[in-house]
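# no sequence on this one, just coordinates:
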């Protein structure tokens, strides 16, 4: 972590939503479903649609510039993530990207070989892999502790053997919130000869990580949850990517970043993803004016500033919930080691409670959030689901206070 204090006024000035009159007084606590979009992304998207909306990579100016902006997004995001440029691919969503990857693994694997999935995952990193059972592939489930929702690496070790080809797990669950140790789990899987696929969708909004240093073979996240457009972004390391069967057009088979995008991506949204890198770089420049770090280093510093701010805000919220007998907190009760995604099982449907929070200016959500497997495993009544309160680094202490006051009124 870092001792640099986040400047909330500067941060919020980078997000047009906070100046939008219709959103004044509204505290946004459903960021796990999708974040606000930063201005650099909006500006790039608008410019592409107004100046570059032609087929890219042709030899005329508008097309050439459009292609260059798409390439810029891949180049800058890969540098932030600590991987090679062609190891980053774009697709319409993380779910769609996972289905494409599952199809590739299904073609490569043999009946009797195995994959490991968890019941902590969002359905996007669970359902597509589980369907490989239809091809004769064994699906083993790494189960959470039903009281805490924790994934114990020792339980994974008992599932690993020389038939396992892939281990899939989340960087952090979208309802449990606990941050899993990607490096440790990846090392266990690699030692057993298995590849690793990490769903980073629920963690990436809280700071981009150095995927190269973490070590997984696949890392997936969603741009619309990291202040960008509605795109899925996937890192596929070269050794695995060139081993898996090509899922793209035959003539793109030699291009790593095209092998797993069977349809052409949304050109404008790909180009706009460079705005996410713009935001990280300007964030770093504002908070570390004399800094000289490279792209991954800048992203790492920004990650730590964001996480320190979020942890400081999460602490009083968890304390306010701790003594409520009618509330069951899903996941860890301490702010350290968890993302600011707080799911609460209540004595009434979470969606109903979210509706009662709305008149208090609190935007929240209720339901199962495509995480029905882990909620069921933890004994949550699925007809009620949970109330989910999720925030990110642009949230302020005043909004946390507004939320706690609203919870006092409705719980």
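Noted; the coordinates are in hand. Keep in mind that this is a model prediction, so the values were computed, not measured.
# longest helix in the chain, please.
Longest helix in the chain by number of residues (criterion: DSSP state H): helix 295-322.
# now that one, how far from the chain's geometric center?
Offset of helix 295-322 from its chain centre (C-alpha atoms, centre = their mean, to the nearest Å): 15 Å.
# and that helix, what's buried?
295-296, 298-303, 305-311, 313-314, 317-318, 320-321 (16 or more other C-beta atoms under 10 Å). Where C-beta positions appear, they are placed from N, C-alpha and C, glycine not excepted.
# in three-state terms, label the nearest residue to residue 202 once chain neighbours are set aside for me.
Using C-beta to C-beta, 6 or more residues apart in numbering and skipping residues adjacent in sequence, the residue nearest residue 202 is residue 174, 4.2 Å away. Here residue 174 is recorded as coil under DSSP: H, G, I helix; E, B strand; the rest coil.
# which parts of this protein are strands?
27-28, 88-91, 114-118, 138-142, 164-170, 195-199, 218-222, 232-236, 328-329, 341-345, 362-363, 365-367, 386-390 (DSSP state E).
# would CSV of the ones you listed with distance to residue 48, mean pLDDT and mean neighbour count be doable?
Below are the strands of the chain laid out as CSV (distance: least, C-beta to C-beta, whole Å; pLDDT from 0 to 100; neighbours: other C-beta atoms under 10 Å):
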stretch, distance to residue 48, mean pLDDT, mean neighbour count
strand 27-28, 26, 98, 22
strand 88-91, 14, 96, 25
strand 114-118, 37, 98, 23
strand 138-142, 41, 98, 17
strand 164-170, 32, 98, 25
strand 195-199, 28, 98, 26
strand 218-222, 20, 98, 27
strand 232-236, 17, 97, 26
strand 328-329, 43, 97, 16
strand 341-345, 32, 98, 25
strand 362-363, 29, 98, 20
strand 365-367, 31, 97, 20
strand 386-390, 30, 98, 28
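# state the mean pLDDT of the longest helix of the chain.
Taken as a whole, helix 295-322 has an average pLDDT of 97.
# tell me what it is packed against?
Packing partners of helix 295-322 (3 or more C-beta pairs under 8 Å, 6 or more residues apart in numbering; DSSP states H and E): helix 61-81, helix 274-287, strand 328-329, strand 341-345, helix 397-410.
# now the angle from the first one to helix 295-322?
Between the direction of helix 61-81 and that of helix 295-322, the angle (axes from the mean of the first three to the mean of the last three C-alpha atoms, to 10 degrees) works out to 70 degrees.
# tell me the buried residues in helix 61-81?
Those would be 65-67, 69-81, for helix 61-81 by 16+ other C-beta under 10 Å.
# now the last one
Buried residues in helix 397-410, defined by neighbour count with 16+ other C-beta under 10 Å: 399, 400, 402, 403, 404, 406, 407, 410.
# the second one now?
Across helix 274-287, burial judged by 16+ other C-beta under 10 Å covers 274, 275, 276, 277, 278, 279, 280, 281, 282, 283, 284, 287.
# report all helices and strands that that helix contacts.
So helix 274-287, by 3+ C-beta pairs under 8 Å, 6+ apart, packs with helix 39-51, helix 61-81, helix 295-322.
# I'd say residue 26 and residue 359 touch.
No. Under the criterion of C-beta atoms under 8 Å, residue 26 makes no contact with residue 359, lying 11.1 Å away.
# more neighbours: which of those two?
residue 26 (17 against 10; other C-beta atoms under 10 Å).
# give the contact list for the more buried one.
361, 362, 363 (C-beta atoms under 8 Å, 6 or more residues apart in numbering).
# apply 10 Å and report the result again.
Contact analysis of residue 26 by C-beta atoms under 10 Å, 6 or more residues apart in numbering lists 17, 18, 20, 358, 360, 361, 362, 363, 399, 402.
# am I right that the fourth one is in contact with residue 366?
No. Using C-beta atoms under 10 Å as the test, residue 358 is too far from residue 366 to be in contact (11.1 Å).
# format the buried residues of helix 274-287 as CSV; extra columns: pLDDT and distance to residue 134.
Shown next, in CSV, are the buried residues of helix 274-287 (pLDDT from 0 to 100; distance: C-beta to C-beta, whole Å):
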residue, pLDDT, distance to residue 134
274, 98, 39
275, 98, 40
276, 98, 37
277, 98, 40
278, 98, 43
279, 98, 42
280, 98, 41
281, 98, 45
282, 98, 47
283, 98, 45
284, 98, 47
287, 98, 50
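# out of those residues, who's nearest residue 102?
Proximity of the buried residues of helix 274-287 to residue 102, judged by C-beta to C-beta, is greatest for residue 276, which lies at 26.3 Å.
# so that closest one makes contact with residue 223?
Yes. Residue 276 lies in contact with residue 223 (C-beta under 10 Å); the separation is 6.7 Å.
# so what sits against both of those two?
Counting by C-beta under 10 Å, 6+ apart, the residues touching both residue 276 and residue 223 are 37, 41, 73, 77, 204, 229, 233.
# I am finished for the moment; much appreciated.
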